[in-house]
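Student: Sharing a sequence plus its predicted fold:
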Amino acid sequence: MFHGSPPPPPPVADGGGGSPAPRLPWPTTCIYVVGGVGGVSGSSAANDTRSGGSGGHAPPLPSYSPPPPGARRTSADVAAARAYLAARGVGGAAGEPPLVLYDGACGLCDGAVRALLAADREGVFTYAPLQGSVGGAACVAYGAPSDLSTMVYVEGGTAYIRSDAPLRIAARLSPAARLAAVAALSAPRRLRDGAYNTVAANRYDWFGTSTGEGVCGVLTPEQRARFYLD
């Protein structure tokens, strides 16, 4: 239970339990601005304020350290996370661009983000790895797990996890994808989440890991601007 003046985070749209995915060591650099968590390298780092670049006239980015996964989140934690997201201009709240949080060390997730970028022709979504400070802050601010057991999709101030997350994302794409997502969402959640949890628990073994470059090499400048890396 939360105490103090800040309200608790919005209820997460949870689909049930699942085996937490192992946390893998994550590289601290990326050739462009996507695919790493701790920082960036290359010429784009000097111009990308979202990833912490120091070039141009951009002010220094605020810092944030999320509580450890599984730790009790206090009202102060929630307030700090919300303040950090507001300072970074991160979306997810009502009327703001939706936010996709993914496992940056996961080969399957890397491929899914590539596919989503190709399908998201209107640039609807913003992105951040769960291992980064923006990903950690969003999980705390919106009441989502940060243990890498699930991807997280934040839209309209609500965090959707497990099978709800990819289906809610699909519903924002083409009309055909929306119809398929609506149909899938009508299936029992325990069945949907059961399948999701099985894939999530085995994703490193089945699909491998991301080596650090990730989706770097396929991003346009416009796409890079929608990623929060640090």
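Tutor: In hand now; what should we look at?
Student: helices or strands up against the helix or strand of the chain with the lowest mean pLDDT?
Tutor: Using mean pLDDT, DSSP states H and E, the weakest-scoring helix or strand in the chain turns out to be helix 221-224, at a mean of 86. Using 3 or more C-beta pairs under 8 Å, 6 or more residues apart in numbering; DSSP states H and E, no helix or strand is in contact with helix 221-224. No exception for glycine: its C-beta is placed from N, CA and C like everyone else's.
Student: Now do the helices in the protein.
Tutor: Taking DSSP state H as the test, the helices found in the chain are 75-88, 107-119, 133-142, 164-170, 175-185, 189-207, 221-224.
Student: ok and the longest one relative to helix 175-185, angle-wise?
Tutor: Angular relation of helix 189-207 and helix 175-185 on a 0 to 180 degree scale: 120 degrees, by axes from the mean of the first three to the mean of the last three C-alpha atoms, to 10 degrees.
Student: for helix 189-207, which positions count as buried?
Tutor: 189, 192-193, 196-197, 200-201, 203-204, 207 (16 or more other C-beta atoms under 10 Å).
Student: now the angle from that helix to helix 107-119?
Tutor: Using the same axes, to 10 degrees: helix 189-207 against helix 107-119 is 110 degrees.
Student: ok so, going back, can you flag the weakest of the helices of the chain by average pLDDT?
Tutor: Per-stretch mean pLDDT for the helices of the chain is lowest at helix 221-224 (a mean of 86).
Student: Now that helix: buried residues?
Tutor: Buried-residue list, helix 221-224, by 16+ other C-beta under 10 Å: 223-224.
Student: swap in stretch 164-180?
Tutor: 164-173.
Student: Among those, give me the pair with the biggest separation.
Tutor: Greatest spatial distance among the buried residues of stretch 164-180 (C-beta to C-beta): 164 and 173, at 15.5 Å.
Student: Quick check: bridge partners of the residue nearest to the spatial centre of the chain?
Tutor: Centroid check for the chain by C-alpha atoms, centre = their mean gives residue 101 as the closest residue, at 0.9 Å. Per DSSP bridges, the residues bridged to residue 101 are residue 128, residue 152.
Student: pLDDT wise, what is it at?
Tutor: pLDDT recorded at residue 101 is 96.
Student: dump the residue contacts of it.
Tutor: Going by C-beta atoms under 8 Å, 6 or more residues apart in numbering, residue 101 touches 127-130, 135, 138-139, 144, 151-154.
Student: Widest-spaced pair of those?
Tutor: Spanning the widest gap among those are 127 and 144, at 15.1 Å by C-beta to C-beta.
Student: Neighbour count for those two, which is higher?
Tutor: Ranked by neighbour count (other C-beta atoms under 10 Å), residue 127 and residue 144 place residue 144 first, with 27 against 22.
Student: Surely that one and residue 162 touch.
Tutor: No. Residue 144 is beyond contact range of residue 162, at 10.4 Å (criterion: C-beta atoms under 8 Å).
Student: Find the residues that touch each one of these two.
Tutor: Between them, residue 144 and residue 162 share these contacting residues under C-beta under 8 Å, 6+ apart: residue 150.
Student: Quick one: the contacts of residue 101 as TSV, columns for distance to residue 110 too.
Tutor: Shown next, in TSV, are the contacts of residue 101 (distance: C-beta to C-beta, whole Å):
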residue	distance to residue 110
127	11
128	14
129	10
130	13
135	15
138	19
139	20
144	20
151	12
152	16
153	17
154	20
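Student: will you turn the buried residues of helix 189-207 into TSV that also has distance to residue 69?
Tutor: Converted to TSV, the buried residues of helix 189-207 look like this (distance: C-beta to C-beta, whole Å):
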residue	distance to residue 69
189	23
192	24
193	20
196	19
197	17
200	15
201	16
203	17
204	17
207	22
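Student: Sweet, I'm off.
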